[in-house]
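Asks: A structural model of the following input is requested.
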Amino acid sequence: MKKLLAALALFVLAGIAYFAWIFLTMPDVASLVRTNPKSTALMEQRAWEKNLKVQPLRSWVQYKKISIHLRNAVLVSEDSAFFNHSGFDWAQIKESAKKDWQEKRLVRGASTITQQLAKNLYLSTSRNPLRKVQEIFISRELEQHLSKERILEIYLNVIEWGDGIYGIDAASKRYFGKPPSELRPEEAAVLAAMIPNPRRYTPGQNGAYLEKRKGEILDHMVQWHYLERSDYENARERPITYR
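Replies: Numbers count the residues shown, from 1 in each chain. Coordinates of the predicted model:
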């Protein structure tokens, strides 16, 4: 019994120490209200993997200058309830847990855009449960200090869109040779389809997958009234020309 109590006490102390460490090392999220990040934890991780020096983000696109089609395509594909939740989509978390339990493995993610941004900016790609706790606290800070538009703006400007391609400006010009403001619905859908695994899902390697996923995203966009029926039909029929 004494050993059990000692182990329990040690566990509690370890938990207290861990949460204290989280609060002491919490990043200055409030500074993002007016300051754009120069690099991210993911960029630093990728540079470390290749033994390269981290290159700062070269461009930044304001929220209103990003094609509304791109913003909507990302919302329907990554986090359809983004503007209605406070950082966590509990319905998706419940559905994800149910799916994982049925499959006896991690098969479905439930991270919101806010959680993805927290991980991208400050953490790593690790699925360590302790890292997940950090992600939760940072996500709460992001939601408390930043508007939804600002969170989405930062997200679109820092996420990975291919090997060494970070941010919507670089991605739009790399794949379509145009600024983000000029992206058509079908182009936006392709970029949104790349987000879950941007170094694998690229036009040069997985074009068939991207074409299929593009159609699904366009379907969701018209269902959510983000696209008029005529624009949807044009986007489904119009061939995409990659740079």
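Asks: my guess is residue 57 contacts residue 37. True?
Replies: Yes. Between residue 57 and residue 37 there is a contact under Cβ atoms under 8 Å: 7.0 Å. All C-beta atoms are positioned from the backbone trio N, CA, C, and that covers glycine.
Asks: now do the shared contacts for the two.
Replies: residue 158 (Cβ atoms under 8 Å, 6 or more residues apart in numbering).
Asks: contacting residues for the spatially most central residue of the chain?
Replies: The chain has residue 116 as the residue nearest its centroid, 4.1 Å off, counting by Cα atoms, centre = their mean. The contact partners of residue 116, by Cβ under 8 Å, 6+ apart, come to 78, 155, 159.
Asks: wasn't it part of a helix?
Replies: Yes. Assessed with DSSP: H, G, I helix; E, B strand; the rest coil, residue 116 lies in a helix.
Asks: neighbours of residue 66, just the number please.
Replies: Look at residue 66: counted by other Cβ atoms under 10 Å, it has 23 neighbours.
Asks: how about residue 199?
Replies: Neighbour tally, residue 199, other Cβ under 10 Å: 14.
Asks: that one contacts residue 164, doesn't it?
Replies: No. Using Cβ under 8 Å, residue 199 is not in contact with residue 164; the gap is 9.4 Å.
Asks: other SSEs contacting the strand or helix carrying residue 48?
Replies: Assigned by DSSP states H and E, residue 48 falls within helix 41-49. When contacts are defined as 3 or more Cβ pairs under 8 Å, 6 or more residues apart in numbering; DSSP states H and E, helix 41-49 packs onto helix 113-122.
Asks: any idea of the angle the helix it packs on forms with helix 41-49?
Replies: Relative orientation of helix 113-122 and helix 41-49, computed by axes from the mean of the first three to the mean of the last three Cα atoms, to 10 degrees: 40 degrees.
Asks: please state the offset of helix 113-122 from the chain centre?
Replies: 6 Å (Cα atoms, centre = their mean, to the nearest Å).
Asks: all strands for this structure, in order.
Replies: Counting by DSSP state E, the chain yields no residue ranges for strands.
Asks: by mean pLDDT, flag the weakest helix or strand of it.
Replies: Least confident helix or strand of the chain, by mean pLDDT, DSSP states H and E, is helix 90-103 with a mean of 55.
Asks: tell me how many other residues crowd residue 239.
Replies: If we define neighbours as other Cβ under 10 Å, then residue 239 has 5 of them.
Asks: now it. Its backbone dihedrals?
Replies: phi -70, psi 150 (degrees, to the nearest 10).
Asks: going forward can the numbers begin at 249, since that is how I track them
Replies: From this message on, residue numbering opens at 249, which makes the last subject residue 487.
Asks: separation between it and residue 472?
Replies: 25 Å (Cβ to Cβ, to the nearest Å).
Asks: equivalent analysis for residue 394, please.
Replies: For residue 394, the distance to residue 472 - Cβ to Cβ - is 24 Å.
Asks: do the same with residue 421
Replies: Separation of residue 421 from residue 472 (Cβ to Cβ): 28 Å.
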